[in-house]
Structure formats: C-alpha cells, structure tokens
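Student: Here is a sequence with its predicted model. Questions after.
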Amino acid sequence: MKAAIWALAPQARIIDLGHHTPQNWPAEAGFWLGKVYPHFAPGSVHVAVVDPGVGSARAILAASFRGQYFLAPDNGILPMIDGFAADAEVRIIGTHWLQRRGLPEPSATFHGRDIFAPVAACLACGTTRLDELGARSDHAVRALLDPPAVATDHISGRIATIDSWGNLLTNIDRRHLAALGDVQVEYAGRRIALRRTYADVAAGGLLALINSFDSLEIAASGGSAESLLGARRGDEVRVVHTA
Amino acid sequence: MKAAIWALAPQARIIDLGHHTPQNWPAEAGFWLGKVYPHFAPGSVHVAVVDPGVGSARAILAASFRGQYFLAPDNGILPMIDGFAADAEVRIIGTHWLQRRGLPEPSATFHGRDIFAPVAACLACGTTRLDELGARSDHAVRALLDPPAVATDHISGRIATIDSWGNLLTNIDRRHLAALGDVQVEYAGRRIALRRTYADVAAGGLLALINSFDSLEIAASGGSAESLLGARRGDEVRVVHTA
Amino acid sequence: MKAAIWALAPQARIIDLGHHTPQNWPAEAGFWLGKVYPHFAPGSVHVAVVDPGVGSARAILAASFRGQYFLAPDNGILPMIDGFAADAEVRIIGTHWLQRRGLPEPSATFHGRDIFAPVAACLACGTTRLDELGARSDHAVRALLDPPAVATDHISGRIATIDSWGNLLTNIDRRHLAALGDVQVEYAGRRIALRRTYADVAAGGLLALINSFDSLEIAASGGSAESLLGARRGDEVRVVHTA
C-alpha cells in the first residue's frame, strides 16, 4: 500500500496508526480513528482498511469531515466518529475513477492497495477532488458500536478496546460524565473509583480515569486490568453516582 | 539500519516490508520480494537481510533487475524472483567498496547496518553505480524454493507463506493455472473449490482463490485455514482437474 | 505522537527504534539508546517515553550530549548511556515552555504526545534552544542498570536485554574485556567460549561473542540461548580468565 501511495504521491508522509484491529472487533478501528484525527493537520487523509467484506458488494466510502479526509468500507466504521453522521460529506468511490486515471482493474481481495491507496494519494496531493470520486452516499449504515446510553442517574457504555498494557478503554467520555457529578464505575462486579492518573493508587490497585483521549478507562496501576478482571472488548461498563 | 541509510541518503524514503520472516523458512522473504517489487518505482532499492549465515563466508549480492536494485545474501533468496536468474545483472559486493568510501570495517554480525545500508543508500542516491560494487557473480545458488512442477494434468507446488489471518499462500500462480482449464485444489486430504473472493463461501467454509498477488491461496472465510487444516510452510499443495 | 511531531516539524524524519521495552525492565530502553545514538546524525533527537511513572511528580528531562538531544523521564534511563552523567547538559522541561508556545495543557497520562513530541519537534527544527526549556538539573538519579563491576581477574555484569532470536545481550562490552586477556564466560552453570560470529560453532552450540554493538552476547547458533539456558533479563553474567 505504501508503494502504491508513493507511486502517485511521492511527497506523502505516512503514519501507521495501527495494524492490530482484531478480526472479530472491527469497531476498534472506528474508536481510534475518532480519537486521533483531531491531532492531524488539515488535509490529512485517514485510510481505514478494516474490511472483513473485501470483494463483496459493500461500497468504499470517501468522506470530507472537519477539514480532513476519511476512506473506509461502508461497514459502520466511519459513523463511530463523533459528529460524523451529521457533518461529513460522504461519496461512494466509483470504479470509473480508477479507469479514468488509467489505473489497473482492482483485484478482488486487496482493495487497500488497488483502490484506497491511489484515492488517498490523489486526495493528499490535491489532484482529485472528493466530488470527482463518485456519487453522494445518502443512506446511513449503523455504527459498529453505538454511543453510550446516557440516563439521568447512570451511563451505560462498552469496552471499545484494550491496549497493550491491559487498560480497558470505553466509549464513554469526559463530556458524557460532566452531567452526573461525583461518580464511580461499575464493571465485573466491582465498584471502581475515578482518579486522575495511574500513580494515584498503589501498585496493583484498580482505578478509573479519564485518559488522554478523553475516554473513560479502567486500569490496574502497574498491572493489567484485562487479566485482573477477565475483561473482553464489547463488555458493558456502567457509570453511577457515588453512593 | 535506517540511521545508517539516512547518514548517506538523507532524502531516502524507507518502507518496512516485513520483519517477521521465520528463522527456519527464509524462503518467505524471496516469495514476498518477488510479489511486491512490481509495485515499486524504478530505481527503488530492495534490501533483504534474511541472513542465517551472517559472518560466514557467504557473499552479499547487489543486483539490477527490471529497473530496480536488489541486495541480499547469496543464499537463494533472489533466485526465487520470477525471471531473476535469466535477466538480472548480479555483482558481489566487495569490501574494497566500503574502504574506498571511508566506511568503517564491518562488524562480524550486523552486515545489514554495516554493508547493506550504505550500499543501498548510495544506489538510491545514484552516488554509486552497480559495477563499482564488485565483480560479476557468474555462479547460480539454487533458489530456496523451487517453482512448482507443472504437468499436463496437475501442478505440484508448496505453501510459501501463511499470513496473519491464517491464509495459505502458495508458490503456484495464475499463469501456472491457465493451461489446466477447470481445476480444484488438493491439500490435507481435502478437495477445495476455486472461488473469486472470501465472501463467495459461507463463514468458516474453505475456498481457494487467486489472490491479489496472483498467488493461489487457500483460505477459510472469516477464519483461519492454518488452524483448520494444521497447515505448515513448505507443505505440498496440488492443483488437479475438476473431476 | 508522530502527528504531534509533524504538526510542529513537518520535515522531521522519524524512526521507530523500539516499542517493546518490557514494562518490568525499563533498563532495556537505556541500553539500546546508548548503543544506537552513535549511528545517528548530529542534531538528532532521541525520545525515550518509557515511563511507568507518567502522571506522577517525576520530571521530564531534555539533554544535550555529544551533539545530539535526548528526552526521557527522570527515571534513570539516560544515566545508563556511557559518559552521559559526566558530559551531558541536562534541563528539566518546565510547563511554562508549553504555555509560552500556546500548546494545550498536557493530559495526565500521555506526556509522550503532549510534552515529549512538541519539545522534540522544536529541538529538531531549531525553533527552541535547550536552555529555553527549563532549569538545569543538578541532581543525579541512579542509572536503572549499573555498569559492570570490573575486577583484576573477572568482570560481573548483567543481561541487559534478550533479542527476538533469544540472544542474550549483556552490559559488558569490548572495552571492559580488553584488560583481561584470554577469557571465557560463565552463565547458568556453563562455561562458554568466546568466538567471532554465530557461524563459528555447530548448529545448536553455545557461544559468546562481542556483537555489532560492542556488547558481550551469549548465543546459541541457529537457536535460542534464552530457551536453552532459561535466561532472564537482569541475570548476572561473569567473564573469567580461561582456566
């Protein structure tokens, strides 16, 4: 894919954001995309080839959202980005675009290299405009992971991903918590207090915190909350008032 | 290695193609090299430091082939590239080249940093010509994996690599199949039908396909053919007429 | 972190030296930093965010040493670099620097992105001088791993890291050995002879060598010394005269 990008955009700078989205939990890609894009420069192109359905009839989308571009299969990844459904301009990439550029017929199994890469390169260089790529997409695939349910006395969310230290990152974030006042977190039969950072509890102790991506996170100081609690992606996590 | 490349070629763009070639199956490096180089720009330099024999008397080769450069130990990796044995100009990198450039005496155990990197940098920049690197290599080390045996009624190849999803990629490719007509694949006591893409069979079902690198691949839709079939690199795979 | 670096230093070239420092053995980061920096160009900035204490009161240091810059928490990583304690100019990064640049308040848990990355970017570009970052650090945190103890008849060091092939890299190096004459290595109840390179012993045989980073290394030719000897980071390794 990088060779295919550089073939059309030799000056492009490329960052590997992640290559470890679990096959059975593609929602992780949408979660991270929503968390990291604000740190990127205007005009950046995000390519999310998390695509169990490669070769099937699913469309490939190109979107413009808050000054950046996003490419992904039409599988519910992009609607996970906060505000995306309301504000993005979304196009369906048509095969005519590849043909008009003189690019080869795409393979059935590696759209990342054959479609995503050349489109990303041309958007990055400004040699293609979004509206040249194809028709507007007017339907809405449901997000792979719904936003948390926010009630007056609690919030119900889910573990969106687990990082390499075993920290549990939920789809509940700072702004969801703001309305509730003093809270604690319920998960796996435990009540977990909200702290500022890992060093605020003794080694091995459980804590919850609002992490650097504004996500409610459950962690074990110096250890793995995943192992300690037998956590799994998708598990429900609740935030309640401090009793 | 990257620091050593940038010391001599500060403008070089570097792609990590792979760092996971199994120690006991170096053929995987040759397989991928042959599959990816056509996607790279003219003048690209491919550095394949897959080198169980580092520090022994084996030579290090620099080759020009179809407008690109290839560096590898003389261990049968490069002859795996289709057409290489016939068409490449191959030179043996001589230590005099390093001396003439004022580079330090190479270590006994990290030729990647001390020999491959500076040679690659100078070829990429055009500050060295291939014929300055050393004498022509006129012998032929045997390929680490022979091409498939193609008979009138079947083809016998091998599993060249297994990807991270458990798909089995063989050294049999599209052009080998062309002569046989309607075929199926035999492996691990199974007869497996040839399809177009993963989504063409139900989840968990086995299929064979010609993948995006024109390689015959055995896959389990949404699962791992490796686990399902107990597959190992090097196993024989046969293609036969549909009965 | 890369997006945060490029936001301020769009021309910066970035190398990932390693992302696999074991949580319980941060000394590995200091070991590698000391081994690789001599291969980098003057003005390079090394960012070592190995930081179990993120969010606690530990300082973040920026240092100038032998023409390059080094950023790390004040946790004993930097003093592992040979000569650092004596020769480096070390500053404590002050939050006033971020404020003066108009950068956001750092999060409590991701100083890599919020502090290290912008400081690194500005040092790389030359838009910040070291002395603008904060006050001089005049205390000395102890190195995470002490240098080997060198006696007249033996050297006592430790396994600093184990590489992906299972080779054991110690903190004993070429210059420590110079005074001892003919030596052998003692580890795990074995006496191991010093050779030049892996190919100097039969497959599966143990050897010691001075590797390409001038580090005394214990290896099993074509195999894993780690498995064979049950080795662990931090284990003592002794060098003695050949009996």
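Tutor: Nice, I can see it. Numbers count the residues shown, from 1 in each chain, chains lettered A, B, ... in the order given.

Student: A:R175: which element?
Tutor: Using DSSP states H and E, A:R175 sits within helix A:174-177.

Student: Check the most centrally placed residue in chain A and give its pLDDT.
Tutor: Among the residues of chain A, the one closest to the centroid is A:G30, at 2.2 Å (C-alpha atoms, centre = their mean). Looking at A:G30, its pLDDT reads 96.

Student: what sits against the spatially closest residue to it that is not a sequence neighbour?
Tutor: Distances taken as C-beta to C-beta, 6 or more residues apart in numbering or on different chains put A:M80 closest to A:G30, at 3.1 Å, once the chain neighbours are dropped. Quick note: C-beta positions are derived from backbone N, CA and C, even for glycine. By C-beta atoms under 8 Å, 6 or more residues apart in numbering or on different chains, the contact set of A:M80 is A:27, A:30-31, A:33-34, A:143-145.

Student: Show me the contact partners of the helix or strand containing A:Q99.
Tutor: Take DSSP H and E as the rule and A:Q99 turns out to sit in helix A:95-100. By C-beta under 8 Å, 6+ apart, the residues outside helix A:95-100 that reach it are A:104-106, A:114-115, A:118-119, A:128, A:132-134.

Student: The same query, at a cut-off of 6 Å, please.
Tutor: A:L133 (C-beta atoms under 6 Å, 6 or more residues apart in numbering or on different chains).

Student: send the alpha carbons of it over as CSV?
Tutor: Taking C-alpha atoms only, helix A:95-100 is exported to CSV below (Å, rounded to 0.1, in the frame of the first residue of the first chain):
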residue,chain,number,x,y,z
THR,A,95,-14.7,2.2,-10.4
HIS,A,96,-14.9,4.8,-13.2
TRP,A,97,-12.5,7.0,-11.2
LEU,A,98,-9.8,4.3,-11.4
GLN,A,99,-10.4,3.8,-15.1
ARG,A,100,-10.2,7.5,-15.9
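
Student: List the buried residues for it?
Tutor: Across helix A:95-100, burial judged by 16 or more other C-beta atoms under 10 Å in any protein chain shown covers A:97-98.

Student: Is any residue of the helix or strand following it near chain B?
Tutor: Heading C-terminal from helix A:95-100, the first helix or strand you meet, by DSSP H and E, is helix A:111. No. For helix A:111, no contact with chain B is found by C-beta under 6 Å from any C-beta of the partner chain; the gap never falls below 8.7 Å.

Student: What residues are bridge-paired with A:P73?
Tutor: A:I60 (DSSP bridges).

Student: Please list all residues in contact with it.
Tutor: Shown in contact with A:P73 (C-beta under 6 Å, 6+ apart): A:51, A:58, A:60.

Student: Could you list which of the contacts of A:M80 belong to helices?
Tutor: Of those, the ones assigned to helices by DSSP state H are A:27, A:30-31, A:33-34.

Student: just the residues you listed now: which is nearest chain B?
Tutor: A:A27 (16.3 Å; C-beta to the nearest C-beta).

Student: And A:A231, how far from chain C?
Tutor: 18 Å (C-beta to the nearest C-beta, to the nearest Å).

Student: Helix, strand, or coil at that residue?
Tutor: Secondary structure, DSSP: H, G, I helix; E, B strand; the rest coil: A:A231 is coil.

Student: Got phi/psi on the nearest residue to it once chain neighbours are set aside?
Tutor: Leaving aside its chain neighbours, A:A231 sits nearest to A:L168 (5.1 Å; criterion: C-beta to C-beta, 6+ apart). For A:L168, the backbone dihedrals are phi -100, psi 110 (criterion: degrees, to the nearest 10).

Student: what's the burial count for A:L168?
Tutor: A:L168: 28 surrounding residues under other C-beta atoms under 10 Å in any protein chain shown.

Student: about what we covered before: and the ones in helices among the contacts of A:M80 as a markdown table, adding distance to A:V239?
Tutor: Below are the ones in helices among the contacts of A:M80 laid out as a markdown table (distance: C-beta to C-beta, whole Å):
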| residue | distance to A:V239 |
| --- | --- |
| A:A27 | 20 |
| A:G30 | 21 |
| A:F31 | 18 |
| A:L33 | 24 |
| A:G34 | 19 |
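
Student: Just name the closest of the residues you listed to chain C, please.
Tutor: For those, the nearest to chain C is A:L33 (12.5 Å; C-beta to the nearest C-beta).

Student: From C:G126, how far out is the residue nearest to A:G30?
Tutor: Distance, A:M80 to C:G126, by C-beta to C-beta, to the nearest Å: 40 Å.

Student: same check, this time on A:T21
Tutor: For A:T21, the distance to C:G126 (C-beta to C-beta) stands at 38 Å.

Student: Between these two, which is the more surrounded one?
Tutor: Counting neighbours by other C-beta under 10 Å for A:T21 and for C:G126 shows that A:T21 has the greater number, 20 against 9.

Student: is it true that that one touches A:D51?
Tutor: No. Contact criterion C-beta atoms under 6 Å: A:T21 and A:D51 do not qualify, at 10.0 Å.

Student: Pull up the gap between the closest residue to A:A149 other than its chain neighbours and chain B, please.
Tutor: What sits nearest to A:A149 in space, not counting adjacent residues and going by C-beta to C-beta, 6+ apart, is A:S156, at 4.6 Å. For A:S156, the distance to chain B (C-beta to the nearest C-beta) stands at 29 Å.
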